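# Sequence and predicted structure are below.
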Amino acid sequence: MSRRIWLVLLMLLAPLALAAIDTYDFESEEQRERFYEVSSELRCPKCQNQNIADSDAPIATDLRREVHRMLGEGKSNREIVDFMVERYGEFVRYKPALTPATLVLWFAPAVMLLGGFIILVVMLRRRQKALREAAANPLSKDEQQRLQSLLEREEDA
């Protein structure tokens, strides 16, 4: 019986033995830091919500390999990111550049927040004005009698 359990456990753990772990050799600690910095700035085209440093997708592995190769060639972080943007589009960046096409991404939240605040202020001022006008203009005698009759009807019901 225990042999079967071990066999089942080995079968369940076998795929983990095939999992690949990327190992890269760097010339310096600075180059290693740059690798992780650039890898965390780039979005995985397949996963879309992970950077290439955290993604297990095959394309992320290829992109990490490409970043490592370009760092070995002495390219700057900007050159590497520009290459990736040219190849995969602006979407590959987690923080898109400020261009006419991305102005909405950068400023829409602030504009919407400011617009909501302005609408709130306008509504509050209108309400205060209506309350002041109501306080300044008390009910006429006819309106007071009508109100009194409505209240009496309410009590009778």
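Perfect, thanks for sending it.
# Okay, the residue nearest to the spatial centre of the chain and residue 30: tell me how far apart.
Nearest to the mean C-alpha position of the chain, by Cα atoms, centre = their mean, lies residue 49 at 8.8 Å. Note on residue 49: its distance to residue 30, by Cβ to Cβ, to the nearest Å, is 29 Å. No exception for glycine: its C-beta is placed from N, CA and C like everyone else's.
# Select the longest helix from the protein.
Counting by DSSP state H, the longest helix found in the chain is helix 103-136.
# Okay, domains of this structure per the record?
21-97, 102-156 (automatic domain parsing).
# Please identify the deepest-packed of those domains.
Sort the domains of the chain by mean neighbour count, taking mean count of other Cβ atoms under 10 Å, and domain 21-97 sits at the top with a mean of 15.
# For this structure, give me the ranges with low pLDDT.
Residues of the chain meeting the criterion pLDDT under 70: 1, 14-22, 157.
# in it, which spans are helices?
2-17, 29-41, 58-72, 77-88, 103-136, 141-156.
# Just send those helices back as CSV, with distance to residue 97 too.
Formatted as CSV, the helices of the chain follow (distance: least, Cβ to Cβ, whole Å):
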stretch, distance to residue 97
helix 2-17, 40
helix 29-41, 12
helix 58-72, 19
helix 77-88, 8
helix 103-136, 10
helix 141-156, 64
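# Figure out which of those is closest to residue 94.
Closest of those to residue 94 is helix 29-41, at 5.9 Å (criterion: Cβ to Cβ).
# can you tell me which residues contact the closest residue to the residue nearest to the centre of the chain other than its chain neighbours?
Once flanking residues are discounted, residue 49 sits nearest to residue 43: 7.9 Å by Cβ to Cβ, 6 or more residues apart in numbering. With contacts defined as Cβ atoms under 8 Å, 6 or more residues apart in numbering, residue 43 is in contact with 49, 50, 51, 52, 91, 92, 93, 94.
# cool, residue 8 as well?
Contacts of residue 8 by Cβ under 8 Å, 6+ apart: none found.
# next one: the one 3 residues further on
Taking Cβ under 8 Å, 6+ apart as the criterion, residue 11 is in contact with no other residue.
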